[in-house]
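1. Got a predicted structure plus its sequence, pasted below:
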Number of protein chains: 2
Amino acid sequence: MAQKNILQFIILGLINDHPQTGYELTKSFDNDIGEFWSAKHSQIYPQLKTLEEKQYLTHTMEVSGEKLERKRYSITPAGQHLLTAWIAEPTINQTNGKDEFVLKLYFIHDQTDPRLTTMLEEQLQYHTEKLTHLKNQLSKKFPDGGDPANFGHYLILSHAVSRETEYYDWLNDALKQI
Amino acid sequence: MAQKNILQFIILGLINDHPQTGYELTKSFDNDIGEFWSAKHSQIYPQLKTLEEKQYLTHTMEVSGEKLERKRYSITPAGQHLLTAWIAEPTINQTNGKDEFVLKLYFIHDQTDPRLTTMLEEQLQYHTEKLTHLKNQLSKKFPDGGDPANFGHYLILSHAVSRETEYYDWLNDALKQI
DNA sequence: ATAAGCATGTAAGAGGTTACATGATTTC
DNA sequence: GAAATCATGTAACCTCTTACATGCTTAT
C-alpha cells in the first residue's frame, strides 16, 4: 500500500532498543510484532540504507569467522527524535484489517450451503493452532502477567491472544448456527 | 501489497449478486465489507476494464437525465466460474493484520510511561464509537439474529462487531493495568 | 445559482512481494 | 560433504493511495 512508510519507524524502534543487523531485524517480524506488521528482508535492507543516508542510523562493521561481514546499526539522536515524534503523534490512519476468508463467506448467502462447514472448520483448525501457540508464548514470556518493564511487549502479545480468541469463538459460533 | 489480486474476486462477487456500476461498487467498500477490505474508485475502474477484457464481465450503457452515462456490469458464466473457484480454494494466505497503534505501544517499555494513558484513551474513544455504530448496523440489518438467506452478510457483520468488542475490552484492560 | 452528490476515468509514485544472486559459517 | 542457517543485496512486478481531470444531476 502506498502508505506513510511506517516500516521506517518500526526499524528505528527496534534498533532503539539495542543495535541490530538487518538479518536480526528481519527475524523480528517472525515473532510477536509479526502479528501486527510484516516485512521481508528485501524491504528492510534498502530502508536501512535510506535511514542511514538521512542520518537517523549509523552502522559499524563486524566480522564473523574469517570473512563474513555484518552491519550493526545504531540509532542516532535524530533517529530517536523521529521515533519519539511518531509515537507522540495521534494515530488516525486505521490501517484496515484485510481478511480474505471473511470475504469469501460474505459471498455465500445461503445458510445451508454445503461449502460452509468445510470452510469454517479449515479456518478453525488454523486458528486453534495459532491460538495455542500464542498462549504458550504469553505464559512463557509473561508468566506473572504484565511485566512493568516490558509493558508494551506484554500488551501486544495479550492483544494477539485475545484477537485470536475472538476469531476462534466467532468460528465456533458460526459452526453452531449451521 | 503485491498480492494475488483479491480485489477482482470481490468485484465479481458483488456483481454476481446483482449487476452494478463502478460507482456503486466503490460505495460497497464504505459499508460492511469495508471492515475487511477497502478499495478506491481509481483501482476499481481499471479492474472492471480488465475483467471485461478477460470476458468475466460485460456491460450495458444506461443514461440518466439527458447525458449522464453509466456502465452497468454483469457477470458472465466464465466470471461465475472464476468466483466459485476462488471461494472453493482453501484460504492459506493469512492476510496479516497491520496495526500502527499497537506497534507504537510495543515501543513503550515502561508501564508508568506518561504517554500511555492518553494514547489508550484516544483509541478507546475511536473504538467505542466504531463499536456502537457496528452494533446499530447489526441490530438494524439482522434484528432476529442470523438470516438464513443472508448468512454470509450476517457472519461478516457479527465478526466485525466481535472484533471491535475485543479491541474495546483489550484497551480497557490495558488502562486498568496502568 | 451553488453545493453536494453522481459518474468515470488517468497519472505518478510509494509500498510490498517474489524471485534472482551470491557467498560464508555452523551443524550433522 | 551436505544441509541448514547466517548475511546482504538487487530487479521485476504488482498493489494501492493520492492527486489530477472532467462533466452531469439533484436538492436547497
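-> On my side now, so go ahead. Please read these numbers as outputs of a predicted model, since none were measured by experiment. Numbering: from 1, shown residues only, chains lettered A, B, ... in the order given.
2. Phi and psi next, for A:Lys71.
-> phi -100, psi 120 (degrees, to the nearest 10).
3. How about the contacts made by it?
-> A:Thr21, A:Gly22, A:Leu48, A:His59, A:Thr60, A:Met61, A:Glu62 (CB atoms under 8 Å, 6 or more residues apart in numbering or on different chains). In short, each C-beta sits where N, CA and C put it, glycine included.
4. For it, give the beta-bridge partners.
-> A:Met61 (DSSP bridges).
5. farthest pair in the contacts of A:Lys71?
-> Using CB to CB, the pair of the contacts of A:Lys71 lying farthest apart is A:Leu48 and A:Glu62, separated by 14.7 Å.
6. When these two are compared, which one has more neighbours?
-> A:Leu48 (21 against 11; other CB atoms under 10 Å in any protein chain shown).
7. The more buried one falls within a helix, correct?
-> Yes: checked against DSSP: H, G, I helix; E, B strand; the rest coil, A:Leu48 lies within a helix.
8. What parts of chain A come near DNA strand D?
-> Taking CB under 7 Å from any atom of the strand as the measure of proximity, chain A contacts DNA strand D at A:1-3, A:21-24, A:26, A:41-42, A:45-46, A:48-49, A:64, A:68-71, A:96, A:98.
9. Next step: these restricted to helices.
-> A:Gly22, A:Tyr23, A:Glu24, A:Thr26, A:His41, A:Ser42, A:Tyr45, A:Pro46, A:Leu48, A:Lys49 (DSSP state H).
10. correct me, but the fourth one touches A:Ser38?
-> Think A:Thr26. No: the pair A:Thr26 and A:Ser38 does not pass the contact test of CB atoms under 8 Å, sitting 10.3 Å apart.
11. Determine how far the last residue of stretch A:65-80 lies from the first.
-> Distance across stretch A:65-80, first residue to last, is 32 Å (CA to CA, to the nearest Å).
12. Repeat that for stretch A:104-124.
-> One end of stretch A:104-124 to the other measures 15 Å (CA to CA).
13. try stretch A:17-28
-> Using CA to CA, the two ends of stretch A:17-28 sit 12 Å apart.
14. That stretch and DNA strand C, are they touching?
-> No: Stretch A:17-28 stays clear of DNA strand C (CB under 7 Å from any atom of the strand), getting no nearer than 9.5 Å.
15. sec struct for the residue lying farthest from the centre of chain A, please.
-> Within chain A, the residue lying farthest from the chain centre (CA atoms, centre = their mean) is A:Thr112, at 36.6 Å. What three-state DSSP gives for A:Thr112 is coil.
16. my read: it touches A:Gln177, true?
-> No: checked against CB under 8 Å, the pair A:Thr112 and A:Gln177 is beyond contact range at 11.2 Å.
17. Report the buried members of the residues of chain A next to DNA strand D.
-> A:Thr21, A:Gly22, A:Thr26, A:Leu48, A:Lys71, A:Asn96, A:Lys98 (16 or more other CB atoms under 10 Å in any protein chain shown).
18. With distance to B:Ser158 and pLDDT as added columns, please give the residues you listed in CSV.
-> Output for those, formatted as CSV (distance: CB to CB, whole Å; pLDDT from 0 to 100):
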residue, distance to B:Ser158, pLDDT
A:Thr21, 45, 98
A:Gly22, 42, 98
A:Thr26, 37, 97
A:Leu48, 43, 98
A:Lys71, 49, 97
A:Asn96, 18, 76
A:Lys98, 18, 93
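19. which two in the residues you listed are spaced the farthest apart?
-> A:Lys71 and A:Asn96 (34.5 Å).
20. Okay, buried residues for stretch A:114-134 please.
-> Under the neighbour-count rule (16+ other CB under 10 Å), stretch A:114-134 has A:Leu116, A:Met119, A:Leu120, A:Gln123, A:Leu124, A:Tyr126, A:His127, A:Lys130, A:Leu131, A:Leu134 buried.
21. which residues sit in contact with the residue minimising distance to the centre of chain A?
-> Taking CA atoms, centre = their mean, the centroid of chain A lies closest to A:Gly34, which sits 2.4 Å from it. By CB under 8 Å, 6+ apart, the residues touching A:Gly34 are A:Ser28, B:Asn96.
22. how far away is it from A:Tyr45?
-> 18 Å (CB to CB, to the nearest Å).
23. Kindly report the same for A:Glu122.
-> 36 Å.
24. Same question for A:Gln8.
-> 13 Å.
25. which stretches of chain A have low pLDDT?
-> Within chain A, the segments meeting pLDDT under 70 span A:1-2.
26. Close to DNA strand C: what parts of it are there?
-> So chain A meets DNA strand C at A:1-7, A:38-40, A:42-43, A:64-68 (CB under 7 Å from any atom of the strand).
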